[in-house]
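Asks: Structure for this input, please:
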Amino acid sequence: LPEEAFLSSAQLRRIEEGARRGFDRAGLEEAFECLSKEPSPSSILGLLASFFGRKRNPDGLLPIVSISYCWLEAAHPDR
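Replies: Numbering: from 1, shown residues only. Next up, the predicted model:
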């Protein structure tokens, strides 16, 4: 396959770093669970941090742009 068919790990990192920041619902649920099991100052701080903090790529999407089984011609993939 031509070199254009591949992404380096550095390119994948740049894609992930460019992902939007958003609210992490799973992190908040985990913090509530931790607080309910063991109420402590650290679990309260964890809850506050998860509520007010933002996580990059909160949906947990993989930074894969596309996967091609084969290129039908060298000039253009998947035409």
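Asks: And the contacts of the helix or strand harbouring Ala26?
Replies: For Ala26, the host element (DSSP states H and E) is helix 25-37. Here helix 25-37 makes contact (CB atoms under 8 Å, 6 or more residues apart in numbering) with 43-44, 46-47, 49-51, 53, 55, 58. All C-beta atoms are positioned from the backbone trio N, CA, C, and that covers glycine.
Asks: Filter these down to just the ones in strands.
Replies: Residues of those located in strands (DSSP state E): Lys55.
Asks: And the contacts of helix 25-37, which of them are buried?
Replies: 43, 46-47, 50, 55, 58 (16 or more other CB atoms under 10 Å).
Asks: got those as CSV, with pLDDT and distance to Lys37 columns?
Replies: Shown next, in CSV, are these (pLDDT from 0 to 100; distance: CB to CB, whole Å):
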residue, pLDDT, distance to Lys37
Ser43, 87, 8
Gly46, 85, 12
Leu47, 84, 12
Ser50, 83, 15
Lys55, 75, 22
Pro58, 68, 23
